[in-house]
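Q: This is a predicted model, with the sequence first.
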Amino acid sequence: MKKIFLFGCLIPLFLRGTLVQAAECQNPLPHRNQQPMSGIFLELTPLTPCTLESGFYQIETMLQASNTIVIDSQEELSASRMILDHERWEQTLVFRIGTGFKTDFGLTLRYVEEGPGNWDKFLREYHQIIGFPYTARKFQQNVEYRYWQYNPATKEKIETTAPQRGIGDMVLSFRHELGKTKIWENPIRWGWRIEFKQPSRSDLPTISSGNSDVGLGLLASTSGNISGFPSSFWLNIGAVSPGKTKHKVYPQKTIFFSGGTGMNVDLSNTWNAAVQILGASSRYEVPASVRGLNHRQTILVLGIRHFIGSHIFSLGFTEDIDYYSSEDISLLIGWQFSG
C-alpha cells in the first residue's frame, strides 16, 4: 500500500505545465466516509464548479488512513446489532481533463485495505484525554478486526473477521460550469456534476456494494478576504441513487443526500489552510437503536497545503462530529498536479 502511494507521488515530478486558477477555484481536500457501511456506495466528494480548459488536465491522489470502533448497543456485546472495529487504508487516484465548452471529465480509481487497528491504544487514550466518546473502545481488544451486522427480525447477518483488500469502485464524472452571478455584490461561480460508480466486485462487503450508483450535484464557490488573508469558499449539495447491494441486513434507502461547505485561506504565497464540514443522510432504514446505520454523518476536515509551481502537497485529518456515523479519525496525505 505504501509503495503504491510513494510511486504515485513521483508521477508529477516528471510532468511539466502551468495552470493558473482563480482563487475560488482552489479544490477542497477530497474525502469521503471511510466506514464500510457507507463507503461501499458512491459519495459525492468535495469539488468546485471550476472546470478545466480544453487541453488542460489534473492528476490528484490522496491516501486516507482511518480508524473506527462502533458498537450498538454498547451495554452488552451479545445484544449488539452492529460491531465495527477496523483500520482502513484507501488510496485514491483521480484524472481530470478539460474538453472545452466549460466541461471536463474525471476518472477515479481506488485501492482499499481493511484490517486490525494498529492505532487502537493511542486513540483510546486520545479520546479519554480530549473528552470525546470512547465507550466502545473499552469493550474491544487492541489490534482486532471485526465487521458484524445482525437483524434479529430476519436473522440475517454480516460477519467479517478476515482482513480485506482489493481494487475499489471506479467512478466516472462529468462537470459543467454554468457561469457567474452576483449575490450581495459577491460574484458566485455555479456548476453541476453527474457521477456514475461502476462496482469493482461483489464479494468484498467492506469495499464495494457490488452494484452501480449514480449521483447528481450542484456546485458553488466564491472568493473573499478574512482579516487580510485572501480566502475562497465553496458549497456542494447533491443526491445519490444507490444500486441495491446484498451486503446489508436492513433495507437501504432508494436515495440519500450529501453535501458540504468549506473555505481555503491563503497564509502566504505558498501555504494554504483548509476547513471543511461534510454531511450526508443515512443510507439505510434502520431502528433508532442501531445508530451506526441510521444516523446522519457530519465530518470535520482540517488541512494545510503547500504549493510548489504546478504541484500542491496536502496534509490533513478528519474528526467525526456526529459519533457513530463516520470514521473516528482519518489522516490525509496527498498531492495534485495541474498541467
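A: That came through, no problem. Computed from a predicted structure; not experimentally measured.

Q: Does Phe56 touch Gly98 like I think?
A: Yes. Phe56 lies in contact with Gly98 (C-beta atoms under 8 Å); the separation is 4.7 Å. Placement of C-beta: from N, CA and C, glycine included.

Q: Of those two, which one has the most company?
A: Each of Phe56 and Gly98 has its neighbours counted (other C-beta atoms under 10 Å); Gly98 has more, 19 against 16.

Q: Spatially nearest residue to the more buried one (excluding sequence neighbours)?
A: Spatial nearest neighbour of Gly98, chain neighbours left out: Leu52 (3.1 Å); criterion: C-beta to C-beta, 6 or more residues apart in numbering.

Q: Next, the contact list for that neighbour, please.
A: With contacts defined as C-beta atoms under 8 Å, 6 or more residues apart in numbering, Leu52 is in contact with 19, 58, 96-98, 104, 338.

Q: Just among the residues you listed, which is most surrounded?
A: That'd be Asp104 among the contacts of Leu52, by other C-beta under 10 Å, with 24 neighbours.

Q: Confirm it sits in a strand?
A: Yes. Judged by DSSP: H, G, I helix; E, B strand; the rest coil, Asp104 forms part of a strand.

Q: From Gln58, how far off is it?
A: 9 Å (C-beta to C-beta, to the nearest Å).

Q: ok, now Ala220?
A: 20 Å.

Q: again, but for Thr99
A: 13 Å.

Q: repeat for Gly210
A: For Gly210, the distance to Gln58 - C-beta to C-beta - is 30 Å.

Q: One more: Gly238?
A: Gly238 sits 20 Å away from Gln58, going by C-beta to C-beta.

Q: for Leu84, same thing?
A: Relative to Gln58, and taking C-beta to C-beta, Leu84 is found at 34 Å.

Q: on that earlier part again, now the common contact residues for Asp104 and Gln58.
A: 52, 96-97.

Q: which among the residues you listed gets closest to Arg110?
A: The closest of these to Arg110 turns out to be Arg96 (C-beta to C-beta; 15.6 Å).

Q: All the helices of the protein, residue numbers only.
A: 2-10, 36-39, 120-130, 135-139, 291-294 (DSSP state H).

Q: Tell me the helices and strands packed up against the second one.
A: So that's helix 36-39. Helices and strands touching helix 36-39, as assessed by 3 or more C-beta pairs under 8 Å, 6 or more residues apart in numbering; DSSP states H and E, comprise strand 82-100.

Q: Alpha carbons only: can I get the strand it packs on in CSV?
A: C-alpha atoms of strand 82-100 as CSV (Å, rounded to 0.1, in the frame of the first residue of the first chain):
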residue,chain,number,x,y,z
MET,A,82,-23.6,-3.8,14.8
ILE,A,83,-19.9,-4.0,15.6
LEU,A,84,-17.2,-2.3,13.6
ASP,A,85,-13.6,-2.4,14.7
HIS,A,86,-11.2,-1.7,11.8
GLU,A,87,-8.4,0.3,10.3
ARG,A,88,-8.8,1.3,6.6
TRP,A,89,-6.2,2.5,4.1
GLU,A,90,-7.7,3.9,1.0
GLN,A,91,-5.6,5.2,-1.9
THR,A,92,-7.4,7.3,-4.4
LEU,A,93,-6.2,8.4,-7.9
VAL,A,94,-8.2,11.0,-9.9
PHE,A,95,-7.6,12.0,-13.5
ARG,A,96,-9.4,15.1,-14.9
ILE,A,97,-9.3,16.6,-18.4
GLY,A,98,-10.9,19.6,-19.9
THR,A,99,-12.8,19.2,-23.1
GLY,A,100,-13.9,22.8,-23.8
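
Q: in its sheet, what does that strand sit against?
A: strand 57-72 (antiparallel), strand 103-115 (antiparallel), strand 146-151 (antiparallel) (DSSP bridges).

Q: least trustworthy helix or strand in the chain by mean pLDDT?
A: helix 2-10 (a mean of 43; mean pLDDT, DSSP states H and E).

Q: Okay, Ile188 and Lys180: tell me how far apart.
A: For Ile188, the distance to Lys180 (C-beta to C-beta) stands at 6 Å.

Q: Name the residue in these two with the higher neighbour count.
A: Neighbours were counted for Ile188 and for Lys180 using other C-beta under 10 Å; Ile188 has more, 18 against 13.

Q: How about the more buried one: what's its closest non-neighbour residue?
A: Using C-beta to C-beta, 6+ apart, the closest residue to Ile188 is Thr222 (5.0 Å).

Q: tell me the pLDDT at that neighbour?
A: Thr222 carries a pLDDT value of 94.

Q: again with Gln58
A: 96.
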